[in-house]
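A.B. asks: sequence and computational prediction follow.
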Amino acid sequence: MQRDEQTWRQAIPDEEAASAALVEAERALHLQLQHHRAGIPTVGDAVLEVDLRRTEYAAAVGATDEAAA
C-alpha cells in the first residue's frame, strides 16, 4: 500500500509538468494561427480557388470543343 502511495505521489509532479507543457503548446499554436491568419488564405479559400479553376478549365475545354466542331 505504501509503495502505491509513493508511486502516486511521484506521478503528481510529472502529470503537472505534462499538463503545463500541453497548455504552453496549445497557447503557441493559437498564437501562430492568429499571426498567420491575416496573411495566408484559409483552407476554405483554397478550396474555392480550386473549384473556380476547375470551372474555368471546364468552360475552356467546352469552348475549344465547340470551336473544333
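C.D. replies: On my side now, so go ahead.

A.B. asks: and the helices in this structure?
C.D. replies: Using DSSP state H, the helices found in the chain span residues 2-37, 43-68.

A.B. asks: can you put the ones you listed in a markdown table and add mean pLDDT and mean neighbour count?
C.D. replies: The C-beta positions use only the backbone N, C-alpha and C, and glycine is treated the same way. Compiled in a markdown table, the helices of the chain are given as follows (pLDDT from 0 to 100; neighbours: other CB atoms under 10 Å):
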| stretch | mean pLDDT | mean neighbour count |
| --- | --- | --- |
| helix 2-37 | 81 | 9 |
| helix 43-68 | 78 | 10 |
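
A.B. asks: ok, residue 30 to residue 17 distance?
C.D. replies: Taking CB to CB, to the nearest Å as the measure, residue 30 and residue 17 are separated by 21 Å.

A.B. asks: residue 60 and residue 53: what is the separation?
C.D. replies: Relative to residue 53, residue 60 is positioned 10 Å away (CB to CB).

A.B. asks: check residue 67 too.
C.D. replies: Here the distance between residue 67 and residue 53 works out to 21 Å (CB to CB).

A.B. asks: just residue 20 next, same as before
C.D. replies: Residue 20 sits at a distance of 46 Å from residue 53 (criterion: CB to CB).

A.B. asks: residue 7 too?
C.D. replies: Distance of residue 7 to residue 53, given as CB to CB: 59 Å.

A.B. asks: also residue 12?
C.D. replies: The span separating residue 12 from residue 53 equals 55 Å under the rule CB to CB.

A.B. asks: then residue 31?
C.D. replies: Taken as CB to CB, the span from residue 31 to residue 53 is 33 Å.

A.B. asks: do the same with residue 21
C.D. replies: Going from residue 21 to residue 53 by CB to CB gives 42 Å.

A.B. asks: can you check residue 24 too?
C.D. replies: 40 Å.

A.B. asks: how about residue 32?
C.D. replies: 28 Å.

A.B. asks: likewise for residue 2?
C.D. replies: Between residue 2 and residue 53 the distance, using CB to CB, works out to 69 Å.

A.B. asks: same check on residue 68?
C.D. replies: Relative to residue 53, and taking CB to CB, residue 68 is found at 22 Å.
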